[in-house]
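Undergrad: Provided below for reference: sequence and predicted model.
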Amino acid sequence: MKKAVLSLSATALLTTMAFADNSSDIAELKQQISELQSNQQTLVDETSSIKTGFDTVDTQFSHNGMGAAASKVYTSKSPLSIGGYGDMYYANSNKPGADAISDVYHFVPYIGYKFTDNIILNTEIEFEHGGSNAEEAIGAGSAKAEGYAIVEFMYLDFLINESFNVQLGHTLIPMGLINLRHEPTLYNTVQKPLTEKYIIPATWHATGINTYGKIGDTGFSYNAGITQALDLNNADAGDKGQIRNGRPGVTGKTTFNKAAFVGRLDYTGVNGLLLGTSMYYGDATQGSVADATALIYDVHMTYENSGFKAKALYGATSISNAENIAANTDHGTTSVSDSNGYYVNLEYDALASFATTDKLPLFVQYDYINPAATVVDGLGTTVNTNIGETKTTTIGINYFPHDQVVLKLDYAMTDVVAAGGTDYNTFSLGLGFIF
């Protein structure tokens, strides 16, 4: 309709031009026609974007704590929303036996759809380590056969009001700083902090129901839900992996005999400040082992002001009756009973005081993990402590030529505290983007 009006207007102007009796009138009419043509092209571009779902990302917007690209469907002008992120890196470590590697780490499309303004579908499809055919290309059982494709989340969001909303389906577990916000422009290291990888453990997603909203005008917001429980009975109790490998995921049919409670509370009432805590409490083995319960919790904070950013998180896990898991596990005869870790990250944008939209954050991060602080056998006897304990200090720099594109460089110095370990350093280059 708007295009037709513009065409009629242009026709009328051309007719008027035919009867114009001086050059100034003709020049003025030509200018008006040029403006109409420009407006018409703008309308064509906007209509095209609305039809295809390719709205731009609002990098300042976050829906319920998620990353900007993951939140895109909530502000989309189109019913269909298409976004995503990706990252890749090169790493060279002097860790004994390690090769220098390159990895097309993630390519992740987000596809969302608004059935109505209050019923929204949001999905994340993740291709990791180059895709799902790595085992065929490299060979079954290879340590490098890690590529896969997975639905990381797929849920329906029923928006009711600011105080109460409901997500149903497969969702991100609302814990820590990274799990909801794992897009590469949102953390400055090439790799995610080890505390969030092995203690939280990000990225963690499961099937269930989640409610969320703001608590009046107090500055507090909450998440509370019931989710698919962990299954530590089928997870290796090695130096890092038991909690991480106990995540249900969505590869094939996953057991959902038992559920757990997940909750989160954040305070953002002071400009630039986030203070919060989150927890998981429930069954640890999908019911295959009696009386084994996991408690995972964290406390976290971020602060931003004039180019300066600070992040800190402490996380811990406690498994009650871990000896029952050790007595029945399909992977060895021991189980982790306790784990903990924390990290602190300080960042300053060297271009903050310059008249540019580019950013050049310099950062330092200290990351301590003790993913198997206590390991017990089937009788409840402590058989090992502090397996996998490390301290990693990382220094680095990011460059943002655009607020949706980042180039990364860092140098990580890892002190292996666990007995028999060897310290090592890792140099990494990376790139990331959201759209």
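TA: Noted; the coordinates are in hand.
Undergrad: report pLDDT for the residue nearest to Thr171 when sequence neighbours are not counted.
TA: In space, and not counting its chain neighbours, Thr171 is closest to Tyr155: 4.9 Å by C-beta to C-beta, 6 or more residues apart in numbering. Placement of C-beta: from N, CA and C, glycine included. Residue-level confidence at Tyr155 comes out at 98, pLDDT.
Undergrad: can you check Val289 too?
TA: On the pLDDT scale, Val289 gets 79.
Undergrad: wait, a strand at it?
TA: No - using DSSP: H, G, I helix; E, B strand; the rest coil, the assignment for Val289 is coil, not a strand.
Undergrad: how close does it get to Asp231?
TA: Here Val289 is placed at a distance of 10 Å from Asp231 (C-beta to C-beta, to the nearest Å).
Undergrad: bridged to Val376, which residues?
TA: Assessed by DSSP bridges, Val376 has beta-bridge partners Ser335, Thr382.
Undergrad: poorly predicted segments of the stretch 101-250 of the chain, please.
TA: The stretch 101-250 of the chain contains residues with pLDDT under 70 at 133-145, 236-239, 250.
Undergrad: helices of that one, start to end?
TA: Assigned by DSSP state H, counting those that start in this stretch, the helices in the stretch 101-250 of the chain fall at 134-138, 194-198, 242-245.
Undergrad: buried residues, stretch 55-68. List them.
TA: For stretch 55-68, burial by neighbour count (16 or more other C-beta atoms under 10 Å) applies to 55, 57, 59, 62-68.
Undergrad: of these, which is the nearest to Lys311?
TA: Gly65 (14.1 Å; C-beta to C-beta).
Undergrad: surely that closest one is within a helix?
TA: No - using three-state DSSP, the secondary structure at Gly65 is coil, not a helix.
Undergrad: in this structure it contacts Ile178, no?
TA: No - using C-beta atoms under 8 Å, Gly65 is not in contact with Ile178; the gap is 11.0 Å.
Undergrad: list the contacts of the nearest residue to Gly169 once chain neighbours are set aside.
TA: Among residues not flanking Gly169 along the chain, Tyr155 sits closest, at 3.3 Å (C-beta to C-beta, 6+ apart). Tyr155 is in contact with 121-123, 167-171, counting by C-beta atoms under 8 Å, 6 or more residues apart in numbering.
Undergrad: one step back: overlap in contacts, Val289 and Asp231.
TA: Common neighbours of Val289 and Asp231 (C-beta under 8 Å, 6+ apart) do not exist.
Undergrad: look up how far Phe153 lies from Ile111.
TA: Using C-beta to C-beta, we find Ile111 at a distance of 11 Å from Phe153.
Undergrad: one step back: quick check: the gap between the residue nearest to Gly169 and Ser78.
TA: Tyr155 is 20 Å from Ser78, by C-beta to C-beta.
Undergrad: Leu159: neighbouring residues, count only.
TA: Close neighbours of Leu159, defined as other C-beta atoms under 10 Å, add up to 17.
Undergrad: which ones are touching it?
TA: Contacts of Leu159 by C-beta under 8 Å, 6+ apart are 117-120, 165.
Undergrad: go again using 10 Å as the cut-off
TA: Counting by C-beta atoms under 10 Å, 6 or more residues apart in numbering, Leu159 touches 63, 74, 116-120, 165-167, 213.
Undergrad: how close does it get to Ile119?
TA: Separation of Leu159 from Ile119 (C-beta to C-beta): 8 Å.
Undergrad: quick one, strands of the stretch 201-350 of the chain?
TA: 205-214, 220-228, 259-267, 273-283, 293-305, 308-320, 335-349 (DSSP state E, counting those that start in this stretch).
Undergrad: now for Ser102: which residues touch it?
TA: Ser102 touches 88-92, 429, counting by C-beta under 10 Å, 6+ apart.
Undergrad: quick one: it and Tyr280, what's the gap?
TA: The separation that Ser102 has from Tyr280, given C-beta to C-beta, amounts to 34 Å.
Undergrad: quick check: the farthest pair among the contacts of Ser102?
TA: Based on C-beta to C-beta, the longest span within the contacts of Ser102 runs between Met88 and Asn92 and measures 14.7 Å.
Undergrad: now the contacts of Leu159: which count as buried?
TA: By 16+ other C-beta under 10 Å, the contacts of Leu159 give 63, 74, 120, 165-167, 213 as buried.
Undergrad: among these, which lie within strands?
TA: Per DSSP state E, strands hold the following members of these: 120, 165-167, 213.
Undergrad: so which of the residues you listed comes closest to Tyr399?
TA: Ile120 (34.3 Å).
Undergrad: who does the closest one bridge with?
TA: Per DSSP bridges, the residues bridged to Ile120 are Lys114, Asp157.
Undergrad: for the most centrally placed residue in the chain, which residues are in contact?
TA: In the chain, the centroid-proximal residue (C-alpha atoms, centre = their mean) is His182; its distance is 1.9 Å. His182 makes contact with 66-67, 70, 85, 87, 106, 108, 124, 126, 152, 172, 176, 192, 196, 202-203, according to C-beta under 10 Å, 6+ apart.
Undergrad: compare these and tell me which is most surrounded.
TA: Ala70 leads the contacts of His182 on contacts (other C-beta under 10 Å) with 30 neighbours.
Undergrad: what about the stretch 251-400 of the chain, any weak spots by pLDDT?
TA: Along the stretch 251-400 of the chain, the parts satisfying pLDDT under 70 run over 251, 330-331.
Undergrad: related to what we said a few turns ago, show me which of the buried ones among the contacts of Leu159 is closest to Ala327.
TA: Closest approach to Ala327 among the buried ones among the contacts of Leu159 (C-beta to C-beta): Gln167, at 36.9 Å.
Undergrad: neighbours of the residue lying closest to Lys311 once chain neighbours are set aside, how many?
TA: Leaving aside its chain neighbours, Lys311 sits nearest to Asn345 (4.3 Å; criterion: C-beta to C-beta, 6+ apart). Using other C-beta under 10 Å, Asn345 is surrounded by 21 other residues.
Undergrad: thanks a lot, catch you later.
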